[in-house]
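Visitor: sequence? don't have it. structure:
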């Protein structure tokens, strides 16, 4: 798989002076996780079947941070659990780093899982073990000696900023600290891939940002491919380069985060990007427009100018701005006046200003 | 009443009771601990579902649990004679004690093992742990506080059973209570022995509770 491309060296110096060097061959568009035709049907007995995933295809590139976003019940947790086969897919193929997991016997699968780290929403640490023992766990089960495992674990705990808490039990740590321990544990076996299943959903906004920063650093330093499962767009915006949107057991949209954000094609994408929970048109008669600003025009008072030049007011139903890849993007949903011709005049004005917009039938 | 002969009698009974309870509990755990873990991991939602075996072992455990101990005591006499050559005395009592106790221990261990959060087990699976590693390095260590509480209850039950064995010449404090309190009508002795038994139960209960709290790193009380 690794023909062509460039070889990158990653070095990490730990606080205790030791260092690791990773040499990673990074061909352009090297796919590390390949999923095709993935289906998962839960048999609830008595002829009741629940389809959690249906015909999911996905390619995740080596070294990227890939987001998978969906509302609860969309199937995203099932999807990430199918990547390391914690859930056995009902159909389809999962290939990670050139090895087809769906084709393996249990012993091979366990071996392959050691190269796939995973962190969880509720951390899933051993409650009766210290932070150090938790990080040692994956090393000990793969036969590393206690001494060697502890040395490596101390280095990893230093790396995640918990060098002084090695002897603490999970109950003595905050949520953010627990997730740091879980990250150190997931990295202990030197994985190529880190799966994050709603890893920041149980954390407050400040801690969320700190954990996301840490994951981004790890991605850059170690070249670990990260798959983020989340229901929050802000997580995707902050660290992901590409995103797939999952709804009703299907991937409905995928691409670079800025493309999907700028031009959401599906209802599911629109809902996630500009959540409209509780947002109602002020009255049922006016047409709704979604305006999308792509970072070049937002300093102009577009809406105010439109109102002035058309001589009629509009209602702002919802508005949001986001930072993606360092550029500001804005979304605005406005309700046009219902008077004859005024909506058309306003849309003509937007066209003349080169503002892209779509008409919303159901916000 | 409190002659040296009487004190000697009580001490002998006391140590016989401790001997029976300790050995029978130990043997019950030798059988019940692996059986309980198996009953937990072989559940449909366990790490290694084996519905048929789980149901078979579960049925055996339930059947043994439904036989009242006094009846089991009598029914086990031929087996005890076969194993030990006698059916009288504190060592002989250990056979029916184990038969009656290991199913209780198994269910108690099963409950403790099943109370370990599934997420923690899933995390170990995601790291490539084998089923045996999950049992020895995740389920059992995580269940320690609960296992200790269960062990205290089991010990108390075995202690109670051992006293009951006095009816059939089982030795220990139970025999003394039956021989002196029941057959001879010496109620004074009986009351003294009841106090001793109550104190023993309290001691086990208290020690179990303290050990469990002390071992539980998940509770805020342990620092």
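Guide: That came through, no problem. These numbers were taken from a predicted model, which means no experiment stands behind them.
Visitor: so the most centrally placed residue in chain B, which state does it fall into?
Guide: With distances taken as CA atoms, centre = their mean, residue B:154 lies nearest the centre of chain B, 3.4 Å away. Following DSSP: H, G, I helix; E, B strand; the rest coil, residue B:154 is assigned to helix.
Visitor: state the pLDDT value of it.
Guide: With respect to pLDDT, residue B:154 has a value of 96.
Visitor: equivalent analysis for residue A:288, please.
Guide: The per-residue pLDDT reported for residue A:288 equals 81.
Visitor: distance check, it against residue A:233.
Guide: Separation of residue A:288 from residue A:233 (CB to CB, to the nearest Å): 20 Å. Heads up, the C-betas are built off the backbone N, CA and C, glycines and all.
Visitor: neighbour count: those two, which is higher?
Guide: Between residue A:288 and residue A:233, counted using other CB atoms under 10 Å in any protein chain shown, residue A:233 has the larger neighbour count: 22 against 18.
Visitor: how about the residues of chain B near chain A?
Guide: Contacts of chain B with chain A, taken as CB under 8 Å from any CB of the partner chain, map to B:117, B:119-120, B:122-130, B:133, B:137-138, B:141-142, B:144-145, B:215-220, B:223.
Visitor: out of those residues, which end up buried?
Guide: The neighbour-count test (16 or more other CB atoms under 10 Å in any protein chain shown) applied to these identifies B:120, B:122-130, B:133, B:137-138, B:141-142, B:144-145, B:215-217 as buried.
Visitor: does residue B:218 sit in a helix, a strand or a coil?
Guide: With three-state DSSP as the criterion, residue B:218 reads coil.
Visitor: doesn't residue A:127 make contact with it?
Guide: Yes: under the criterion of CB atoms under 8 Å, residue B:218 makes contact with residue A:127 at 4.1 Å.
Visitor: neighbours of residue 205, how many?
Guide: Chain wasn't specified; assuming chain A. 9.
Visitor: right idea, wrong chain: chain B
Guide: As a burial measure, residue B:205 scores 15 neighbours (other CB under 10 Å).
Visitor: from chain A, how far out is the nearest residue to it once chain neighbours are set aside?
Guide: Counting by CB to CB, 6 or more residues apart in numbering or on different chains, residue B:152 is the residue found nearest to residue B:205 once chain neighbours are left out, at 6.0 Å. Using CB to the nearest CB, to the nearest Å, we find residue B:152 at a distance of 18 Å from chain A.
Visitor: can you tell me how far residue B:152 is from residue B:25?
Guide: On the measure of CB to CB, residue B:152 and residue B:25 end up 10 Å apart.
Visitor: quick one, which of these two is more surrounded?
Guide: Per other CB under 10 Å, whichever of residue B:152 and residue B:25 has more neighbours is residue B:25, with 25 against 20.
Visitor: quick one: low-confidence residue ranges for chain B.
Guide: Applying pLDDT under 70 to chain B picks out residues B:1-2, B:220-223.
Visitor: now the element after the longest helix along it, going C-ward?
Guide: The longest helix of chain B (DSSP state H) is helix B:4-41. The first helix or strand that comes after helix B:4-41 along the chain, using DSSP states H and E, is helix B:51-66.
Visitor: how about stretch A:190-203: buried residues?
Guide: For stretch A:190-203, a neighbour-count test (16+ other CB under 10 Å) marks A:191, A:192, A:193, A:194, A:195, A:196, A:197, A:198, A:199, A:200, A:202, A:203 as buried.
Visitor: contacts for stretch B:140-149?
Guide: With CB atoms under 8 Å, 6 or more residues apart in numbering or on different chains as the test, stretch B:140-149 has contacts from A:126-129, B:37, B:109, B:111-113, B:115-117, B:120, B:208-209, B:211-213, B:215-216, B:218-219.
Visitor: secondary structure element for residue A:35?
Guide: Here residue A:35 is assigned to strand A:31-43, by DSSP H and E.
Visitor: packing partners for that strand?
Guide: Secondary-structure packing of strand A:31-43 (3 or more CB pairs under 8 Å, 6 or more residues apart in numbering or on different chains; DSSP states H and E): strand A:49-61, helix A:76-83, strand A:91-96, strand A:225-230.
Visitor: which helix or strand lies directly C-terminal to the last one?
Guide: Pointing back at strand A:225-230 there. Counting by DSSP H and E, the next helix or strand C-terminal to strand A:225-230 is helix A:233-239.
Visitor: what lines up beside the helix or strand following that next one in the sheet?
Guide: Per DSSP H and E, the first helix or strand lying C-terminal to helix A:233-239 is strand A:242-247. Strands that pair with strand A:242-247, judged by DSSP bridges, come out as strand A:65-69 (parallel), strand A:250-256 (antiparallel).
Visitor: which of the ones you listed sits closest to residue A:41?
Guide: strand A:250-256 (13.8 Å; CB to CB).
Visitor: got the buried residues for the longest helix of chain B?
Guide: Judged by neighbour count using 16+ other CB under 10 Å, the buried positions of helix B:4-41 are B:6, B:9-10, B:13-14, B:16-21, B:23-25, B:27-29, B:31-33, B:35-41.
Visitor: so which elements touch that helix?
Guide: Counting contacts by 3+ CB pairs under 8 Å, 6+ apart, helix B:4-41 packs against helix B:51-66, helix B:90-114, helix B:140-164, helix B:172-176, helix B:187-215.
Visitor: any idea of the angle it forms with helix B:90-114?
Guide: Counting by axes from the mean of the first three to the mean of the last three CA atoms, to 10 degrees, helix B:4-41 points 40 degrees away from the direction of helix B:90-114.
Visitor: circling back to that earlier point, residues in contact with the strand holding residue A:35?
Guide: Residues contacting strand A:31-43 (CB under 8 Å, 6+ apart): A:1, A:49-63, A:75, A:78-79, A:82-83, A:87, A:89-97, A:192-193, A:225, A:227.
Visitor: show me which of those residues are buried.
Guide: For these, buried by 16+ other CB under 10 Å: A:52-54, A:56, A:58-63, A:75, A:78-79, A:82-83, A:87, A:89-90, A:92, A:94-97, A:192-193, A:225, A:227.
Visitor: not counting sequence-adjacent ones, nearest residue to residue A:14?
Guide: Take residue A:14 and drop its neighbours on the chain: the residue closest to it by CB to CB, 6+ apart is residue A:155, 3.9 Å away.
Visitor: pLDDT at that neighbour, what is it?
Guide: Reported pLDDT for residue A:155: 96.
Visitor: now do the buried residues in the helix or strand hosting it.
Guide: Element membership of residue A:155 [criterion: DSSP H and E] is helix A:146-159. Neighbour-count burial for helix A:146-159, counted by 16+ other CB under 10 Å, picks out A:149, A:150, A:151, A:152, A:153, A:154, A:155, A:156, A:157, A:158, A:159.
Visitor: surely the last one is in contact with residue A:184?
Guide: Yes: counting by CB under 8 Å, residue A:159 touches residue A:184, with 6.9 Å between them.
Visitor: list the contacts for residue 165?
Guide: All of this is about chain A. Per CB under 8 Å, 6+ apart, neighbours of residue A:165: A:131, A:157, A:172, A:173, A:177.
Visitor: actually it's chain B I care about, not the one you picked
Guide: If you count contacts by CB under 8 Å, 6+ apart, residue B:165 has them with B:20, B:73, B:93, B:96, B:97, B:171, B:172, B:174, B:175.
Visitor: thank you kindly, that will do.
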